[in-house]
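Enquirer: sequence below, structure please.
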Amino acid sequence: MLRAALLTVLLLALGVISALPGSWALIADPETQRRLVLWGLPLAALLLSFLLFPRLLRPAEVAAGRPGRRLLLLSACLVALLIDQSFLAVGYFTHWATFTFAESGDALAVKALWGLPACLFLGIWGWERALRGSLYTGWRRRFPAPAALAVSIFTGAVLALPVVLPRGEVPDKAFVAATLAAVLCRELCFALLFRNGGGLLVAGLYRGALLFVEAFVVTDWYGLYSPAFNYVTGGPLFYVVRTACALLAAGVIVWVTQTSPLLSLARVEDTGRKSG
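Expert: Numbering: from 1, shown residues only. From the prediction side, this is the model:
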């Protein structure tokens, strides 16, 4: 438990320090700031988790990842991703948001060749290895699963503070509230995917895909990153829709991992295949 506590403190400190205005003042170049958050934070999390937990152990209640179950969970992640980002379509058709183009589609395609694999890799081995494979597993040895999950979810939310509070500022209260709500919903999804047969692979792939979308494809004008497309909105109603989409996306993952008869069927098939 001592190693889990130490890792928790270090990751929380990393998130808080990265969100302080004074930390941003030390680095004047905005692009360097973005790279430190996008690549530096998960690499630091990977290093810390590897040093403290070089060998990962799966808690007893974490379901083993079988092919049928993982395929179902990945399908649920795809649906959840589309729902999570559907607020963009609502903003476009209602004219609640104005979209700007920073670069051509060709440039985005070139970036995707290396950016997407990098985001997926760090989603699995950076973020999820640290938050679930190390942090959750470490706390689970002494505490009930809900408590261990709560610690990993809270720590993940704190590590997202540089994105919630870009450059250590509050550019817009509605933006901050909606972004924080989306972060909490996603952290819950990652935790449930990890515990219910997805493991680091599915949880990390879903996280990495979301990271790539916001860092390279499209994000809010207030946001930290500068992807191919940005959107600007003039009112809080758009952010209400964004929060609702994040909640609906989380609802899909909760339903599939907790109550879906399809997942139960996948478990039965995997058990039968193992017995055979």
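
Enquirer: grab the nearest non-local neighbour of Leu248.
Expert: Ile83 (5.1 Å; Cβ to Cβ, 6 or more residues apart in numbering). The way it works is simple: take the backbone N, C-alpha and C, and place the C-beta from them, glycine included.

Enquirer: got any ranges where the stretch 51-200 of the chain has weak pLDDT?
Expert: Within the stretch 51-200 of the chain, the stretches falling below the threshold (pLDDT under 70) are 60-65, 103-106.

Enquirer: can you pull out the strands in it?
Expert: For the stretch 51-200 of the chain, the strands defined by DSSP state E, counting those that start in this stretch cover 97-101.

Enquirer: and the residue nearest to Leu248, how many neighbours?
Expert: A count of nearby residues for Ile83, using other Cβ atoms under 10 Å, gives 19.

Enquirer: quick check: it touching Ala249?
Expert: Yes: with contacts defined as Cβ atoms under 8 Å, Ile83 counts as touching Ala249 at a distance of 4.3 Å.

Enquirer: for Leu131, what are its contacts?
Expert: Neighbouring residues of Leu131 by Cβ atoms under 8 Å, 6 or more residues apart in numbering: Leu11, Ala45, Ser152, Thr155, Gly156, Leu159, Glu187, Phe190.

Enquirer: return the closest of those with respect to Leu72.
Expert: Taking Cβ to Cβ as the measure, Leu72 sits nearest to Phe190 out of the contacts of Leu131, at 16.6 Å.

Enquirer: out of everything not next to it in sequence, what's closest to that closest one?
Expert: Leaving aside its sequence neighbours, Phe190 sits nearest to Ala203 (Cβ to Cβ, 6+ apart; 4.5 Å).

Enquirer: and for Ile124?
Expert: Excluding its sequence neighbours, the residue lying closest to Ile124 (Cβ to Cβ, 6+ apart) is Gly204, at 2.9 Å.

Enquirer: Three-state assignment for the one you found, please.
Expert: Following DSSP: H, G, I helix; E, B strand; the rest coil, Gly204 is assigned to helix.

Enquirer: how close does it get to Leu36?
Expert: Separation of Gly204 from Leu36 (Cβ to Cβ, to the nearest Å): 21 Å.

Enquirer: what about the residue nearest to Ile124, how many residues close to it?
Expert: Residues near Gly204, counting by other Cβ under 10 Å: 28.

Enquirer: one more: Val213?
Expert: 18.

Enquirer: for Pro30, same thing?
Expert: Pro30 is flanked by 13 other residues according to other Cβ under 10 Å.
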